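Student: Got a predicted model here, sequence first, then my questions.
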Amino acid sequence: MIFEFIIIFILLFIILGLVYQFMYDIYMGVFIVCTTFYFCYVVVKVVFYMRRKKKTRETQIAPITKTNSVKTEIKETPKIEKKEDKNLETLKVFIQKNVKQGFQTSVIKEALTKQGWPKELVEQALKESK
């Protein structure tokens with residue numbers, strides 16, 4: 001935007017210089033017309049720039065509207081249970097392997113909970129692996 005202003009100003013300055021050099025009698029009229037055009041152009045560009053900036057700001061900060069949502073019960077899907085079963089089987093194998101290596105179940109339980117395994121799943125795997 002600033003680049004456009006500078007280019008137009010330079011072009012108008014060149015036109016004024018040529019008019020002053022070769023047609024001195026109409027210089028003042030051309031000067032007034034050119035400066036009026038330039039200032040009108042700048043005002044129009046600034047107004048459109050501010051409007052566009054305001055619209056983008058409004059779209060970015062859109063107010064959050066409350067909607068009435070219907071609560072529905074979430075049914076457990078068998079896919080999740082299968083995933084938990086896989087995790088349970090993995091834990092059972094891990095626990096059995098470590099018990100055979102001589103680790104106590106309390107140490108195994110602490111290690112698994114520190115690694116982020118759910119406590120209930122670890123306890124269930126411990127009960128089923130015995």
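Tutor: That came through, no problem. Numbers count the residues shown, from 1 in each chain.
Student: Check which element follows the longest helix belonging to the chain along the chain.
Tutor: Counting by DSSP state H, the longest helix found in the chain is helix 27-60. Next along the chain after helix 27-60, taking DSSP states H and E as the criterion, comes helix 78-100.
Student: in the next helix or strand after that next one, what counts as buried?
Tutor: Of the helices and strands lying after helix 78-100 in sequence (DSSP H and E), the nearest is helix 105-114. By neighbour count with 16 or more other Cβ atoms under 10 Å, helix 105-114 contains the buried residues Ile108, Lys109, Leu112. Using the backbone N, CA and C atoms, a C-beta is placed for each residue, glycine as well.
Student: Now render the residues you listed as a markdown table, adding distance to Gly102 and pLDDT.
Tutor: Listed next are those as a markdown table, based on distance: Cβ to Cβ, whole Å; pLDDT from 0 to 100:
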| residue | distance to Gly102 | pLDDT |
| --- | --- | --- |
| Ile108 | 11 | 88 |
| Lys109 | 15 | 89 |
| Leu112 | 17 | 89 |
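Student: Could you export these as a markdown table, including distance to Asn87?
Tutor: Below are those laid out as a markdown table (distance: Cβ to Cβ, whole Å):
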| residue | distance to Asn87 |
| --- | --- |
| Ile108 | 15 |
| Lys109 | 15 |
| Leu112 | 11 |
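Student: Pass me the low-pLDDT residue ranges in this protein, would you?
Tutor: Along the chain, segments meeting pLDDT under 70 span 1, 58-83.
Student: Three-state assignment for the residue of the chain positioned farthest from its centre, please.
Tutor: Centroid-distance maximum for the chain: Asp25 at 60.7 Å, with Cα atoms, centre = their mean. Following DSSP: H, G, I helix; E, B strand; the rest coil, Asp25 is assigned to helix.
Student: ok, now which ones touch it?
Tutor: If a contact means Cβ atoms under 8 Å, 6 or more residues apart in numbering, then Asp25 has no contacts.
Student: one step back: got the buried residues for the longest helix of the chain?
Tutor: In terms of neighbour count (16+ other Cβ under 10 Å), helix 27-60 has its buried residues at Val30, Cys34, Tyr38.
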